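K.L.:
How does the following fold in three dimensions:
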Amino acid sequence: MTNTGKFTPKMKKLGKDEMGRIKLGASLAREGRVEEASAEFEAVLAANPSSFRAHTALGTIRLKQKEYDAALSHYREAMRLDPLKAQAPLKVAKLYLKQGDADKALEYFQNTLVLDPKSVSAYVGSGQVFMQQEKFEEAVQQLRKALKLEPSNASARQRLAQAYAKLGKTTEAATELKAALALEPSKNANPYIQLAKISIDQQDFAGAREALEQALKINPDSRPPVRISLVQALIGEKNFERAGEELKAMGQSQRTAPIQHKLWGDIYTGQGLYKEAAEQYQAATLLAKEGQDILSELGDMDEPDEDEDWEELADTYRTAASSISTERKRNKD
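P.N.:
Here you go, the predicted model:
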């Protein structure tokens with residue numbers, strides 16, 4: 001019985017010449033058989049220490065194994081062997097970016113663009129570096145250059161959305177993030193949560209709800225802030241019944257109680273139940289202040305008389321609850 005092992009038909013047809021070994025090593029690497037792939041590339045280098053392809057391939061394997069010094073050694077040798085190819089300096093740039101050395105990463109991304117002015121990866125990488133350095137205008141410039149060359153690059157659009165958001169350009173951020181997710185639906189909930197946050201700021205509550213529903217579909221165990229944002233979006237859509245159902249399903253903790261009471265107040269206000277709303281806003285304010293003396297800020301919070309204007313009182317408590325909630329969020333940030 002012939003022992004074919006795990007080799008694919010394409011692998012078996014490859015010869016043992018240099019190019020055959022490199023192709024075989026690449027196939028093994030794609031299958032995750034890293035040690036076997038390394039052996040093929042090392043065999044090539046044993047026979048030909050000047051193989052640019054083998055050095056580059058081994059550098060990539062060592063980079064994935066987080067053996068950064070070994071990876072850098074192979075990439076530097078590849079650059080020495082062929083200083084006009086952009087592949088190796090691009091790999092070095094990505095290595096430095098992974099290590100957190102932004103200055104070195106930017107240097108090699110720019111070197112790559114000198115050799116290949118159409119390198120989308122180098123523009124995207126430069127944008128990442130500028131984002132890390134909080135140079136958001138520069139990041140936008142680099143990422144837009146990448147998208148001019150490759151409009152369908154979802155990763156570049158997502159990073160461009162982040163840069164726009166940092167600059168306070170929420171409309172542009174939302175446009176780019178929607179385009180990125182349309183091009184390549186994410187398996188990660190975070191882009192949808194980012195889109196929802198921007199959409200709520202723009203009062204696009206339907207868009208926020210859709211994004212949050214997708215985020216929760218990806219990760220049903222998302223943290224409470226995601227579900228709280230969903231309730232906010234539902235209230236914005238005036239879907240008070242479902243908003244209440246979502247709040248009830250959340251349960252309550254000491255940390256989330258103030259905002260949950262505030263949201264109940266918003267639901268009751270939307271339904272015209274001002275007495276119930278006032279009670280919820282009052283509870284939210286008391287819990288948010290965590291026992292501090294707030295009577296001087298809000299006046300008498302005892303039970304009002306029967307002829308009290310509950311709508312006016314609810315509005316007063318809502319303002320107080322909202323301001324305290326905003327202050328707590330600012331302090332947390």
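K.L.:
Count residues in the vicinity of K238, would you?
P.N.:
K238 has 11 neighbours, counted by other CB atoms under 10 Å. Quick note: C-beta positions are derived from backbone N, CA and C, even for glycine.
K.L.:
Look at it and give its secondary structure.
P.N.:
coil (DSSP: H, G, I helix; E, B strand; the rest coil).
K.L.:
Please tell me how far it sits from R209.
P.N.:
12 Å (CB to CB, to the nearest Å).
K.L.:
What of G125?
P.N.:
Taken as CB to CB, the span from G125 to R209 is 35 Å.
K.L.:
can you give me the strands in the stretch 151-300 of the chain?
P.N.:
Listed in chain order, the stretch 151-300 of the chain contains no strands at all (DSSP state E, counting those that start in this stretch).
K.L.:
which secondary structure elements does the strand or helix carrying K145 contact?
P.N.:
K145 belongs to helix 136-149 when assigned by DSSP states H and E. Under the contact criterion of 3 or more CB pairs under 8 Å, 6 or more residues apart in numbering; DSSP states H and E, helix 136-149 touches helix 120-132, helix 154-166.
K.L.:
Count the neighbours of the closest residue to T269 other than its chain neighbours for me.
P.N.:
In space, T269 comes closest to A277 once its chain neighbours are excluded; the distance is 4.4 Å by CB to CB, 6 or more residues apart in numbering. Close neighbours of A277, defined as other CB under 10 Å, add up to 25.
K.L.:
A277 touches H261, doesn't it?
P.N.:
No. With contact defined as CB atoms under 8 Å, A277 does not reach H261; the gap is 10.3 Å.
K.L.:
sorry, back to before: tell me the confidence at the residue nearest to T269?
P.N.:
pLDDT, A277: 90.
K.L.:
Roughly how far does it sit from Q203?
P.N.:
21 Å.
K.L.:
Mean pLDDT and distance to K197 for the helices and strands packed on helix 136-149 - can I get that in JSON lines?
P.N.:
JSON lines is the format used below for those (pLDDT from 0 to 100; distance: least, CB to CB, whole Å):
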{"stretch": "helix 120-132", "mean pLDDT": "96", "distance to K197": "18"}
{"stretch": "helix 154-166", "mean pLDDT": "93", "distance to K197": "8"}
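K.L.:
Could you point out which of those helices sits nearest A54?
P.N.:
helix 120-132 (21.5 Å; CB to CB).
K.L.:
now for that closest one, which elements pack on it?
P.N.:
helix 87-99, helix 102-115, helix 136-149, helix 154-166.
K.L.:
mind redoing it with 6 Å?
P.N.:
Judged by 3 or more CB pairs under 6 Å, 6 or more residues apart in numbering; DSSP states H and E, helix 120-132 is in contact with helix 87-99, helix 102-115, helix 136-149.
K.L.:
what angle do the second one and helix 120-132 make?
P.N.:
In other words, helix 102-115. Helix 102-115 runs at 150 degrees relative to helix 120-132, counting by axes from the mean of the first three to the mean of the last three CA atoms, to 10 degrees.
K.L.:
Could you check the angle helix 102-115 makes with helix 136-149?
P.N.:
Going by the same axes, to 10 degrees, helix 102-115 makes 30 degrees with helix 136-149.
K.L.:
what distance separates helix 102-115 from the centre of its chain?
P.N.:
24 Å (CA atoms, centre = their mean, to the nearest Å).
K.L.:
Measure how it sits relative to helix 87-99, angle-wise.
P.N.:
Using the same axes, to 10 degrees: helix 102-115 against helix 87-99 is 160 degrees.
K.L.:
Can you give me the neighbour number for V34?
P.N.:
14.
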